[in-house]
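> How does the following fold in three dimensions:
(2 chains)
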Amino acid sequence: MRLYQRRFTAMACPCTVQVYHQDEVDAERALEAAIAEVRRIETRYSRYRDDSIVSQINRAAGTTRRVTVDPETAALLDYAATACAESDGRFDITSGVLRRVWNLRGGIVPSREAVAELLPLIGWQLVEWQVPEIRLPLSGMELDFGGFGKEYAVDRAAGILVEYGIAHGLVDLGGDVHVVGPHADGSPWRIGIREPRDRNRAIARIALLRGAIATSGDYERAFVHEGHSYSHLLDPRSGWPVADNPASVSVLAERCLLAGTASTVAMLHGEEAERWLQALGLPWLAVGHDGGLHGSGIEDGRLAP
Amino acid sequence: MKANNPPPAVPQRRTRRPSLQALTTAALALPGLAGAQDGLGLQTDYLFSHYREADLPGSRNVSGESSKRYQVSTHQFRAVQPFEQRSLGFDLLYETLSGASPWFVQPDADGEPVQVMSGPTIEESRVDAQLSGTSPLSDTLTATLSAGLSSEDDYRSVYGNAELEIRPGRGPLSFTASGGYARDRLEPTQGRTATSTLRDNKRTLRLNAGAAYVLNPRTLLQGNFGYQEHEGFLSDPYKAVFIVDQAGTDFDSRPEGRRGYHGLARVRHFVDWLQGALHADYRYYRDNWKIRSHNVELTWHQTLPARWRLSPGLRWYSQSQAFFYAPFFQSAPADGYLSSDYRLSPFGALSFRLDTTYNWNRWALRAGVEHYRASGSYAAGSVDVEAPSLVKYTVFSAGVAASF
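Numbering: from 1, shown residues only, chains lettered A, B, ... in the order given. Sure thing, here's the model as predicted:
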C-alpha cells in the first residue's frame, strides 16, 4: 500500500487528505470525492454566497417568510440547538453579528453601546425553528455556521473515504482531524498540538488509531485589563470576549463535530474550562499560555511530546 | 490592542453539567460515518474463472477433424486477517481441468506438421492451499513468509517463499528481495498413453530483487530482476516426438536442468484530467534452453462515475524456441534432447482483456474477459514453421471481495 495525499485550501485554512491504498486509481478517486464533499459543505453553508442556504435564511430575517430547509441542514440546526442548550448559551450560531463591531485582529475594541445594540439580535431562543421551517424574526439577525461547519466537513469527508473503501487515512482541515484508520503498518497517526507561542512547534503529539480530534486555540494575547487577559473568543451572552481561558483546548471524540463543539465551548468557559471538560467526560488536553499541559482521559502512549 | 472600555462582568452562575449523551445523539442524527468503523477486519476475496481453449482446427489435426482442447474452471478464495501490524493470510484454490492435450506432431503427406491429440479426454482436479504471514521486523523492514501445498492426481508440489520489503524512511525508494523453493513429485497417470516415467522429482529455486521509485505523486517506477533454477525431471511424461527415420515416436526428453533470468521494468502513471491510470510493463527473459522472450503489457484503468472502473488491456508476447525443439525430427538428436511441445516453440501472442470493478463500502465486485491468440506471425523474429497446436483461448472471470 502506498500513501496518497492532497493538500488544498478550504474554509480559509490549509487542508490535507491522506490515504493508504494498494491501488492509485481507487485512492485518487477517494481523495477526489472527499475534497468535493468539503467544497460542497463550504459552498452550501457559506455566508458569502448568495445561493447558500445560510444566505437565504439571513435574507429573510425580519420578514414573515419562512425558509424550508433540507434534512441535512435540519439536522445541523438541531445539533446547534442541542449544543446551545448544553453549553448554557455559549455556543450560539446567532452570534455571528458581533463580527460587525469587533475586529480583534485589527485591534479595534468597540464601545459598550455598540455591543449593547447588537445583543437583542443574539440568542438561539429567539429563532423560530420548527422542522423543516426556520425564521429569524428580527431584521439584522444572522445565522453563522462557521463555528461548526469545518468540523462537520471533516466528519463528512472521512465518511466519504470509508465509503470508497479506505481503511487507512485521515482528513485534516486546519488542525481539525478525523482519522479513518492507522498507517498502513498499523501504527497510529501522531497529531501535533502546537505550542502557544510558536506555531511551528508541537507541545504534544496525540497518537490516534482512529477517531477525531479538534483544537480550539487562542494564541495571540488580546488585551489585558485589571489582571485579566481577554481572548479572541466572544461570549454570545455578553457580546464581550471571554477571559482567563487556556491558550488551547483539544478534545478527542468519535466525531470531529463533537470534539470541535466541546473544545470551543470549553474555551468559552474561561477559567472554568478544565472543570467543564472534566464534567463532559471526553478525553481532553488543555495548554496554558505559560505552556503548562493539563489533560485527562488520554492514556499513556497516546500523549507523547 | 488598547483597552478603552473595561469589559462588563458576565453574571456568574453555576455551570450546568453538560450532557455528552445529548450532544452525541444530536451528532449521530447527521449524515456521516455509517456505523462504527474499525478498518482492521477480515478481508476476503473470491474469484471464479473459466478458461477455454479454442478447438484445434481440422486442418492442423492428423485426424482431419477439429478437436476439443482444454477447459479449466478455477475457484480461488483468499482471506487475510490483520493483527495490529501483522497479518495472516490463507489462499485456497480448487480447479478442474478436462479436455484433450497435444501428444506429438508428425509430418503430413506434404511434409507439413500436423498435430496428433491424445485420444481419451482427461478429467483432473487440483487443490492448492497456502498459508502466509506478514510482520514488520523493524521500522524499515517487513517480512512475509508463506508455505503451501498443491495436489492433483499425478502431481504434488510443496513450496515455500520468503520476502523482505525494505522502506528506508518515508523516501521515494523502496526495495524487495525474495526467495522461493519448491519440491515437486510427479506420478503420471497410467492407462491413457504410455508415459516416460512412473515417478520422478523436480526442484525449483527462485530468487528476486526489485526496487520501486516514486518519481512524483502521479508516477511510480519499478524494476525487478529474477533468477530461477529447475532441477530434476523437467520433461512432459505424456508427450512424444515423432522421428521420421524411425517412423515412430520417442518420449519428450528435456535436459535435467534449466536456469533462467528475467528483467522487468514497470511504470504506473496517473492522469489527473482523465481520472485514469496507465500501467505499462516490459519483461525480458532468457534461459539456458536458449529461450528468449519479450512481454509487453499495457493496461488503462479508467474511473467511471458511481464507483465503476473499467480496465482495458493489451499484451504482446514473443519467444524464441528451445534448442531441442522441433515439430518433428528427421533423426534422433545426438544429445538425446527433444520436444515438440508448442510451449517451447517460437511464437508470438496477442491478448486483449477487459476488466470491470464496482466498489461500494466494504464490497467490491469484478468481472473480466480475456482473449488470447498465439501465432508465428506475432513473433518478434521470423518463424519458419509454426507449431500446429499454438493455442487460442478465452477466459471469463467474476469475483467478489468483502472486508469485515
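> What residues does the residue nearest to A:Ala12 when sequence neighbours are not counted make contact with?
For A:Ala12, ignoring the flanking residues on the chain, the nearest one in space by C-beta to C-beta, 6 or more residues apart in numbering or on different chains is A:Gly174 at 7.9 Å. (Glycine included, C-beta is placed from N, CA and C.) Neighbouring residues of A:Gly174 by C-beta atoms under 8 Å, 6 or more residues apart in numbering or on different chains: A:Met11, A:Ala12, A:Cys13, A:Pro14, A:Cys15, A:Lys150.
> Residue for residue, what is the longest strand the chain has?
No chain in the question, so chain A it is. strand A:198-208 (DSSP state E).
> other chain: chain B
Chain B, longest strand under DSSP E: strand B:200-216.
> Name the spans of the chain whose pLDDT lies under the cut-off.
No chain specified, so I'll use chain A. A:104-108, A:220-229, A:299-305 (pLDDT under 70).
> actually it's chain B I care about, not the one you picked
Within chain B, the ranges that satisfy pLDDT under 70 run B:1-17, B:31-40, B:84, B:169-170, B:361.
> Let me know how buried A:Gly165 is, in neighbour terms.
22 (other C-beta atoms under 10 Å in any protein chain shown).
> ok now do it, which residues does it touch?
Contacts for A:Gly165 (C-beta under 8 Å, 6+ apart) come out as A:His21, A:Asp26, A:Ala30, B:Asn359, B:Asn361, B:Arg362, B:Ala364, B:Ser403.
> distance of the last one from chain A?
So that's B:Ser403. Separation of B:Ser403 from chain A (C-beta to the nearest C-beta, to the nearest Å) stands at 7 Å.
> residues near that residue, how many?
Residues near B:Ser403, counting by other C-beta under 10 Å, number 18.
> list the buried ones in the longest helix seen in chain A?
Criterion DSSP state H: the longest helix present in chain A is helix A:24-44. Judged by neighbour count (16 or more other C-beta atoms under 10 Å in any protein chain shown), helix A:24-44 contains these buried residues: A:24-35, A:37-38, A:41-42, A:44.
> give me the subset of the residues you listed touching chain B.
Intersecting the buried residues of helix A:24-44 with the contacts of chain B gives A:Glu24, A:Val25, A:Asp26, A:Glu28, A:Arg29, A:Glu32 (criterion: C-beta under 8 Å from any C-beta of the partner chain).
> Save those as JSON lines, and put in distance to A:Ser187 too.
Below are these laid out as JSON lines (distance: C-beta to C-beta, whole Å):
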{"residue": "A:Glu24", "distance to A:Ser187": "22"}
{"residue": "A:Val25", "distance to A:Ser187": "26"}
{"residue": "A:Asp26", "distance to A:Ser187": "22"}
{"residue": "A:Glu28", "distance to A:Ser187": "24"}
{"residue": "A:Arg29", "distance to A:Ser187": "25"}
{"residue": "A:Glu32", "distance to A:Ser187": "26"}
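> from the contacts of A:Gly165, which single one is nearest B:Ser87?
B:Ser403 (12.7 Å; C-beta to C-beta).
> what's near enough to touch that closest one?
Neighbours of B:Ser403 in contact, by C-beta under 8 Å, 6+ apart: A:Gly165, A:Ala167, B:Gly41, B:Leu42, B:Gln43, B:Thr44, B:Arg362, B:Trp363.
> got it, and B:Phe396?
When contacts are counted by C-beta under 8 Å, 6+ apart, B:Phe396 touches B:Ser49, B:His50, B:Ala367, B:Gly368, B:Val369.
> just checking, it is part of a strand?
Yes: counting by DSSP: H, G, I helix; E, B strand; the rest coil, B:Phe396 falls inside a strand.
> That one and B:Ala280: what is the separation?
To B:Ala280, B:Phe396 is 25 Å away according to C-beta to C-beta, to the nearest Å.
> And for B:Leu314?
Distance of B:Leu314 to B:Ala280, given as C-beta to C-beta: 10 Å.
> Common neighbours of these two, please.
Listed as contacting both B:Leu314 and B:Ala280 by C-beta under 8 Å, 6+ apart are B:Glu297, B:Leu298, B:Thr299.
> about what we covered before: quick check: what element follows the longest helix of chain A along the chain?
helix A:53-59 (DSSP states H and E).
> So is that following helix next to chain B?
No: judged by C-beta under 8 Å from any C-beta, helix A:53-59 makes no contact with chain B; its nearest approach is 14.9 Å.
> who touches that helix?
A:44-47, A:49, A:67, A:69-70, A:73, A:134, A:136, A:141-145.
> ok, back up a step: would you list the shared contacts of B:Leu314 and B:Ala280 in JSON lines and tack on distance to chain A?
Output for the shared contacts of B:Leu314 and B:Ala280, formatted as JSON lines (distance: C-beta to the nearest C-beta, whole Å):
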{"residue": "B:Glu297", "distance to chain A": "17"}
{"residue": "B:Leu298", "distance to chain A": "15"}
{"residue": "B:Thr299", "distance to chain A": "11"}
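> As CSV, the residues you listed with secondary structure and neighbour count would be great.
Shown next, in CSV, are these (DSSP: H, G, I helix; E, B strand; the rest coil; neighbours: other C-beta atoms under 10 Å in any protein chain shown):
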residue, secondary structure, neighbour count
B:Glu297, strand, 17
B:Leu298, strand, 14
B:Thr299, strand, 17
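> can you give me the strands for the stretch 1-150 of chain B?
For the stretch 1-150 of chain B, strands defined by DSSP state E, counting those that start in this stretch occupy the ranges B:43-53, B:71-83, B:86-99, B:102-107, B:113-117, B:122-136, B:141-152.
> With A:Ala212 as the reference, name the closest of the ones you listed.
Using C-beta to C-beta, the strands of the stretch 1-150 of chain B put strand B:71-83 closest to A:Ala212, at 22.2 Å.
> and that closest one, anywhere near chain A?
Yes: using C-beta under 8 Å from any C-beta, strand B:71-83 reaches chain A at B:Pro82.
> Test my guess that A:Glu37 contacts A:Ala157.
Yes: here A:Glu37 lies in contact with A:Ala157, judged by C-beta atoms under 8 Å, at a distance of 5.2 Å.
> mind listing what the residue of the stretch 301-404 of chain B found nearest chain A touches?
Nearest to chain A in the stretch 301-404 of chain B, going by C-beta to the nearest C-beta, is B:His301, at a distance of 4.5 Å. By C-beta under 8 Å, 6+ apart, the contact set of B:His301 is A:Asp23, A:Val25, B:Gly276, B:Ala277, B:Leu278, B:His279, B:Arg309, B:Leu310, B:Ser311.
> cool, A:Thr68 as well?
A:Thr68 makes contact with A:Pro132, A:Glu133, according to C-beta under 8 Å, 6+ apart.
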